[in-house]
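In: Okay, sequence plus prediction incoming.
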Amino acid sequence: MVQPLSRDAGPKNPWARFGWLMAVIWLVFLIYPVIALLRSEAPAAWVVVGWVALIVFVVLYVTGFMHGMRRGGLGQNPAARQWATFAALIVCTLVSVPAEGGSALSFLPFLMSFASYGLTRLWHWITTVSAVVITALCVFLLPGGMNNLSVLAIVALLGVVNTVSTWLIIRSVESERLGLELATSEGREALARDVHDLVGHSLTVVGLKAQLARRLMDSDPERARAELADIEQLTAEAIAGIRTTVAGSRATTLVEQLASCRDALRAADIDLDVDGAPNALSPVQAITASWILREATTNALRHSEARHVRVVIAPGRLRVEDDGVGARGDEGNGIRGMRERAAAAGAAFSLVAGVRESGVAESGERAGTRVEVTW
């Protein structure tokens, strides 16, 4: 089922604002009932009824279209007012028959359009089929009916046009809705990924520094106080990072991330070597690289039991490798997040365990993990 557009979105939609003008343009075809009334030989009372019905029909038709379009048009559940308007249009058509005769068939295309664009899909079909059948019966069964053969052609053609155009409009509305849902879902996933990477890294470093401060409390109080000060600063930075991430403005540079990773690894007694310069990557690549470096470092701190981490930065490539126990088990949120970030940036992501820079780890060696992103 097509979900209706919101009431607030309606006025911003050109179809919702100006679609009713199509109803006004097509009113020119009511010239046939006008001519029929001018030439009518029916009793004067029926002619007056015909003129009144014609005027009421025009007013109801235009205002009904305006009301329906302002509510969002197709895909919107019709209000009771729309159903009442449609019923009144049918009554106007019926009471015009005594004065206009077969020319009253000219009202049918307007009823078809009103049902197609202002009511439900079911009533589009009911009205379209009924109009075609009624017109065909009048043309082929009533005396002089062939004079209205052109009306039958118009009704049949309009039925096809309304069916196709309303189908396209409904598909467009549905596509817009699905696109909005997809964008919302992707935005939530991106936010969750950012918060995971940011908070996970910060909490890992805070935990390591807290352990170090506890060990140094008696032997080196000054350094312990320094570590506690770092914890306070990291906590403040994490809170600020979460706020800016939620606001959509978080963008840590690769230089800043390298410095942050070096401090975090040093607190865990892990050496960090960096080959290459951050400016080897383009600014866009560097943003993705900084997030992946953050998560790779966090994984090394949490899971690898590594003693050494090496970062290689080259044009179109970032590689992070450690000498830890190697990645194991299923991908967690961190690895999945790195893979998604790389894919979103148009980069290839690979994670290999048991492969050292010198080749495959031998028996007894620590397997190590290599994370690599290439553009």
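Out: Perfect, thanks for sending it. Just so it is clear, the model here is predicted, and its values are computed rather than measured. Numbers count the residues shown, from 1 in each chain.
In: C-alpha only now, for contacts and for neighbours.
Out: Noted.
In: S350 in helix, strand or coil?
Out: For S350, the secondary structure call by DSSP: H, G, I helix; E, B strand; the rest coil comes out as strand.
In: number of nearby residues for it?
Out: 15 (other C-alpha atoms under 10 Å).
In: same check, this time on I335
Out: Around I335 there are 20 residues (other C-alpha under 10 Å).
In: Pull out the buried residues from whatever helix or strand it lives in.
Out: Following DSSP states H and E, one finds I335 within helix 333-344. Across helix 333-344, burial judged by 16 or more other C-alpha atoms under 10 Å covers 334-335, 337-342.
In: Closest one to G276 out of these, please.
Out: Proximity of these to G276 was ranked by C-alpha to C-alpha; the top entry is A342 with 20.1 Å.
In: Enumerate every residue touching that closest one.
Out: A342 sits next to 288, 348-349, 373 when contact means C-alpha atoms under 8 Å, 6 or more residues apart in numbering.
In: same check, this time on R214
Out: Contact analysis of R214 by C-alpha under 8 Å, 6+ apart lists A224.
In: do you know how far it is from L141?
Out: Separation of R214 from L141 (C-alpha to C-alpha, to the nearest Å): 101 Å.
In: Repeat that for A23.
Out: For A23, the distance to L141 (C-alpha to C-alpha) stands at 31 Å.
In: Please say which of the two ends up with more neighbours.
Out: A23 (20 against 11).
In: okay, and for the stretch 151-300 of the chain, where does confidence drop off?
Out: 180, 182-201, 237, 240-252 (pLDDT under 70).
In: Show me the domain layout of this structure.
Out: 10-181, 253-375 (automatic domain parsing).
In: would you turn the ones you listed into CSV with distance to I239?
Out: Listed next are the domains of the chain as CSV, based on distance: least, C-alpha to C-alpha, whole Å:
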stretch, distance to I239
domain 10-181, 29
domain 253-375, 16
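In: Those domains: which one's closest to K209?
Out: Between those, domain 253-375 lies closest to K209; by C-alpha to C-alpha that is 6.1 Å.
In: which element is A306 on?
Out: Counting by DSSP H and E, A306 is part of no helix or strand.
In: Columns pLDDT on top of the buried residues of helix 333-344, output as CSV?
Out: Converted to CSV, the buried residues of helix 333-344 look like this (pLDDT from 0 to 100):
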residue, pLDDT
G334, 72
I335, 80
G337, 78
M338, 83
R339, 86
E340, 82
R341, 80
A342, 86
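In: and the least confident of the contacts of A342?
Out: Minimum pLDDT across the contacts of A342 is recorded for T288, with 83.
In: roughly how far out does the helix or strand hosting V58 sit from the chain middle?
Out: According to DSSP H and E, V58 maps onto helix 44-70. Distance of helix 44-70 from its chain centroid, counting by C-alpha atoms, centre = their mean, to the nearest Å, is 41 Å.
In: Show me what it is packed against.
Out: If you count contacts as 3 or more C-alpha pairs under 8 Å, 6 or more residues apart in numbering; DSSP states H and E, helix 44-70 packs onto helix 14-18, helix 21-26, helix 31-39, helix 80-100, helix 108-118.
In: Pick the most deeply packed of these.
Out: Sort the helices and strands packed on helix 44-70 by mean neighbour count, taking mean count of other C-alpha atoms under 10 Å, and helix 108-118 sits at the top with a mean of 24.
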